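Visitor: need a 3D model of the following:
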Amino acid sequence: MFSKLRSLIFKVDPEKAHTLAIKSLKFNLVPNVFDENKNDPIFQTKIFDKDLDNPIGMAAGFDKNAEVYNSLFKLGFGFVEVGTITPLKQYGNPKPRVFRLVEDEALINRLGFNNQGAEIIKQRTKRNKKLGLLGINVGPNKDSSDRLNDYLIGLKTFYDDADYITINISSPNTENLRTFHEGDKLQDLLKSIEEERKNLKSNIPIAVKVSPDISEDQVNQISGILLEHEIKAIIVSNTSEATRDKLSNIQRHQKGGLSGKPIEKKSNVLINKFYKLLKGKIKIIGVGGVDSGQAAYDKFLAGADLVQLYTGMVFKGPNIAGIIKKDLKELLIRDGVKNYTEIIGNKTLS
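Guide: Sure, this is the predicted structure:
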């Protein structure tokens with residue numbers, strides 16, 4: 001069905017197409033193809049001491065304002081992450097700010113944390129009881145005078161609604177946000193998060209989302225800091241400011257973050273580096289180019305415990321979770337495994 005509509009959809013501006021997709025999900029206009037692999041034991045797993053039907057998640061960025069997370073659960077996603085949410089409402093960067101690179105199966109975006117703000121979204125999550133594991137991704141306002149405190153506001157606002165909270169330090173579209181990858185700044189941020197959790201008497205699990213463009217030294221340093229603060233998960237990775245040389249589309253040099261197939265291998269290599277350092281003590285959620293069973297399989301081999309996607313849905317349609325599970329199951333049966341977790345980290349990449 002989607003393949004027949006794709007050429008029509010791709011004639012629409014990508015940001016407008018996304019808005020239409022959200023409205024379609026909100027009003028249940030998206031057909032939910034029967035998920036023949038729902039509750040299959042081959043995909044069952046745990047994260048944050050909670051059971052999941054499957055390890056295929058929707059990444060932050062799709063449902064920025066927490067409008068359709070339950071519709072996404074119904075489409076077969078094992079978990080959903082909404083946001084990025086800032087304390088105050090913000091428009092984001094000027095349009096046009098999303099570019100579809102069809103030949104490359106990629107997107108470039110420079111949205112800039114456009115969202116309705118924490119209080120409005122909080123009211124929405126209170127009204128709509130979640131049907132599955134829900135993560136809330138938080139970040140600072142662009143013009144904030146105290147970005148560290150903005151993260152604390154996000155934690156205080158959502159700690160009692162979310163199953164986990166992601167600290168987004170990795171978007172390339174908010175100026176200087178990635179400086180939080182630096183050792184001292186990351187230490188200060190996670191120490192403040194830790195103290196605020198104690199103040200709230202909350203055990204809400206914390207995930208940290210990192211950039212794919214970090215150096216070897218940063219990987220080592222970040223791993224040590226995350227272990228020190230007993231962070232529960234790392235999301236590897238956000239969009240890339242680099243990786244443009246081999247792209248075909250004329251828009252490849254647009255400013256912003258690149259997502260989709262072109263960053264798949266880069267993401268896998270980075271996942272594998274963190275896997276070797278974290279040694280199973282912190283869950284790894286792999287993102288970047290997940291659009292098929294094979295792509296998910298490769299992420300697990302590299303060391304990811306779970307995966308997320310967004311761009312894959314743009315190019316493969318709303319039933320992508322079911323498609324991935326179907327193809328992934330065939331690969332796992334071929335390998336003679338009873339549960340996908342048996343293959344995690346079975347391949348060394350460099």
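Visitor: got the buried residues for the helix or strand Leu301 falls within?
Guide: Secondary-structure element containing Leu301, defined by DSSP states H and E: helix 293-302. The neighbour-count check on helix 293-302 (16 or more other Cβ atoms under 10 Å) flags 293, 295-302 as buried. C-beta: built from backbone N, CA, C; applies to glycine.
Visitor: and the spatially most central residue of the chain, how far from Phe158?
Guide: The residue at the geometric middle of the chain, judged as the C-alpha nearest the mean C-alpha position with Cα atoms, centre = their mean, is Ala59 (2.8 Å). Per Cβ to Cβ, to the nearest Å, Ala59 is found 17 Å from Phe158.
Visitor: for the stretch 201-350 of the chain, which segments are assigned as strands?
Guide: When assigned using DSSP state E, counting those that start in this stretch, the strands of the stretch 201-350 of the chain occupy the ranges 206-210, 233-236, 257-260, 283-287, 306-309.
Visitor: the ones you listed: which one's closest to Tyr164?
Guide: strand 206-210 (5.6 Å; Cβ to Cβ).
Visitor: could you dump the strands of the stretch 201-350 of the chain to JSON lines with mean neighbour count, distance to Lys129 and mean pLDDT?
Guide: Converted to JSON lines, the strands of the stretch 201-350 of the chain look like this (neighbours: other Cβ atoms under 10 Å; distance: least, Cβ to Cβ, whole Å; pLDDT from 0 to 100):
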{"stretch": "strand 206-210", "mean neighbour count": "24", "distance to Lys129": "22", "mean pLDDT": "97"}
{"stretch": "strand 233-236", "mean neighbour count": "26", "distance to Lys129": "23", "mean pLDDT": "98"}
{"stretch": "strand 257-260", "mean neighbour count": "26", "distance to Lys129": "30", "mean pLDDT": "95"}
{"stretch": "strand 283-287", "mean neighbour count": "27", "distance to Lys129": "24", "mean pLDDT": "98"}
{"stretch": "strand 306-309", "mean neighbour count": "28", "distance to Lys129": "22", "mean pLDDT": "98"}
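Visitor: how about those in CSV, adding distance to Asn249?
Guide: Supplementary listing: the strands of the stretch 201-350 of the chain in CSV, determined by distance: least, Cβ to Cβ, whole Å:
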stretch, distance to Asn249
strand 206-210, 26
strand 233-236, 25
strand 257-260, 11
strand 283-287, 21
strand 306-309, 20
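Visitor: nearest to His18, of these?
Guide: strand 257-260 (12.9 Å).
Visitor: what helices or strands is the closest one leaning on?
Guide: Helices and strands touching strand 257-260, as assessed by 3 or more Cβ pairs under 8 Å, 6 or more residues apart in numbering; DSSP states H and E, comprise strand 106-109, helix 311-316.
Visitor: and the next helix or strand after the shortest one, what's buried?
Guide: The one in question is strand 106-109. Tracing the chain C-terminally past strand 106-109 and defining elements by DSSP H and E, one meets helix 118-127 next. Of all the residues in helix 118-127, those buried under the rule 16+ other Cβ under 10 Å are 118, 121-122, 124-125.
Visitor: can you list contacts of stretch 126-135?
Guide: Among residues not part of stretch 126-135, those counted as contacts by Cβ atoms under 8 Å, 6 or more residues apart in numbering are 47-48, 50, 52-53, 57, 60, 66, 69-70, 73-74, 77-82, 125, 161-166, 207.
Visitor: before we move on, back to that, what's the nearest residue to the residue nearest to the centre of the chain if we skip its chain neighbours?
Guide: The spatial neighbour of Ala59 that comes closest, neighbours along the chain excluded (Cβ to Cβ, 6 or more residues apart in numbering), is Gln308 at 3.8 Å.
Visitor: my read is Ile165 is in a strand, agree?
Guide: Yes - note on Ile165: a strand contains this position according to DSSP: H, G, I helix; E, B strand; the rest coil.
Visitor: what number of residues lie near it?
Guide: Counted with other Cβ atoms under 10 Å, the burial measure for Ile165 works out to 28 neighbours.
Visitor: list the contacts for it?
Guide: Residues 135-138, 154-155, 158-159, 204-207 are the ones in contact with Ile165 under the rule Cβ under 8 Å, 6+ apart.
Visitor: for it, which residues make a bridge with it?
Guide: In this structure, Ile165 has beta-bridge partners Ile136, Ile206, where bridges are defined by DSSP bridges.
Visitor: check the gap between the residue lying closest to Glu175 once chain neighbours are set aside and Pro87 for me.
Guide: Excluding the flanking residues, the one nearest Glu175 by Cβ to Cβ, 6+ apart is Lys142, at 7.4 Å. Distance, Lys142 to Pro87, by Cβ to Cβ: 11 Å.
Visitor: still on that earlier bit, most tightly packed of the helices and strands packed on strand 257-260?
Guide: Among those, strand 106-109 has the highest mean neighbour count (mean count of other Cβ atoms under 10 Å), at a mean of 26.
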